[in-house]
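Colleague: Here is the input, now give the coordinates:
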Amino acid sequence: MKFRVSAVQYHLHTIASFDEFAAQATHYVRTAQEFDVDFILFPEFFTTQLLSIGDENGVALGIERLPEFTDAYIELFRDLAKETNTHIIGGTHVIEKGGKLYNTAHLFYPDGRVAAQPKLHITPTEVTEWNMSAGDELNVFETDKGTIALLTCYDIEFPEIVRMAKARGADVIFCPSCTDDRHGFHRVRYTSHARAVENQVYVVTTGTIGSLPTVDFMRGNFGQAAVITPNDVPFPPRGILAEGEINDDMIITADLDLELLYKVREKGSVTTWRDRRTDLYTDWS
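Modeller: Down below sits the predicted model:
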């Protein structure tokens, strides 16, 4: 099976209303639609742009106010997914549940369904500065294009969780990310390549770019989208199907061929998934 994916290098800048946010998101979706894509990926924390709207005194909102936009966010992306007949991974949005804040990736299906995956590994800044809580369950999602998983930024740095997703049938890992400097960016990028090699899966990742000068911890962003493959003969030698220009406002697009994954798992130069030593370490399945 083949299908097409796009990833958005979302440009963060100060806005004055939810309508401005909606117009920018719609622009990216409709641009991707012109390439007849099946999946569109937005970055982690891109809805923090809504905090720049500010309160009645013009002061940027705190992270605890972001869940106030949840209903409007879901309505916007549900409508866009239905209108364009596209699966949209709406980056992550902070939701409130049981008095706790969760950094949550959302999958919007073309038929109007909405699925969610809270981030499972929380960075020190998310804990100490934003009081985020970690999700406690890994989900994989069935689509008419195959099985996918949504693992956010720091999650991709933990090999166990990606092994679990693959063991449950995921062939594509969508990884929305948000990093503020080169160090963080390369941690996510290098480990995305490692997870693709280890599990013989595709990884689609992207990050925020631009700046929110009034929003704490969103003033610096360093991002680049990429569609990453295993490193084997059917794929590009560097394991990159497509990548954006670093810190540019843009969308990248690539075609994923699941049959190539199945072939390299069976008869590749290396067969890392098949050759795992479950007699020595846990399979996590």
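
Colleague: So the residue with the largest distance to the centre of the chain: helix, strand or coil?
Modeller: In terms of distance from the mean C-alpha position of the chain, residue 57 ranks first, at 33.4 Å (Cα atoms, centre = their mean). Classification of residue 57 by DSSP: H, G, I helix; E, B strand; the rest coil places it in coil.

Colleague: quick one, phi psi at the closest residue to residue 51 other than its chain neighbours?
Modeller: Leaving out its chain neighbours, the residue that sits closest to residue 51 by Cβ to Cβ, 6 or more residues apart in numbering is residue 61, at 4.3 Å. For the C-beta atoms, the positions are set from N, CA and C on the backbone; glycine is no exception. The phi/psi pair for residue 61 (degrees, to the nearest 10) reads phi -70, psi 150.

Colleague: Please look at residue 61 and residue 48 and confirm they touch.
Modeller: No - using Cβ atoms under 8 Å, residue 61 makes no contact with residue 48, being 9.4 Å away.

Colleague: Which one's more surrounded, these two?
Modeller: residue 48 (25 against 18; other Cβ atoms under 10 Å).

Colleague: hang on, that one packs against residue 66?
Modeller: Yes - at 6.8 Å, residue 48 counts as touching residue 66 under the criterion of Cβ under 8 Å.

Colleague: Give the intersection of the neighbour lists for these two.
Modeller: Shared contacts of residue 48 and residue 66 (Cβ atoms under 8 Å, 6 or more residues apart in numbering): residue 94.

Colleague: How far off centre is stretch 70-78?
Modeller: Using Cα atoms, centre = their mean, to the nearest Å, the mean C-alpha position of stretch 70-78 is found 17 Å from that of the whole chain.

Colleague: Now name the helix or strand holding residue 188.
Modeller: Residue 188 belongs to helix 182-199 when assigned by DSSP states H and E.

Colleague: Identify the residues contacting that helix?
Modeller: By Cβ under 8 Å, 6+ apart, the residues outside helix 182-199 that reach it are 153-154, 156-157, 159, 162-163, 165-166, 173, 175, 177, 179, 201-203, 205, 207, 222-224, 226, 228-231, 239, 272-273.

Colleague: Strands - which of those land there?
Modeller: When the contacts of helix 182-199 are checked against strands using DSSP state E, the ones located there are 173, 175, 177, 202-203, 205, 207, 226, 228.

Colleague: For these, which entry has the maximal number of neighbours?
Modeller: Neighbour counts for the ones in strands among the contacts of helix 182-199, by other Cβ under 10 Å, peak at residue 207, which reaches 33 neighbours.

Colleague: Please, where are all the helices along the stretch 101-250 of the chain?
Modeller: If you assign secondary structure with DSSP state H, counting those that start in this stretch, the helices in the stretch 101-250 of the chain sit at 124-128, 159-167, 182-199.
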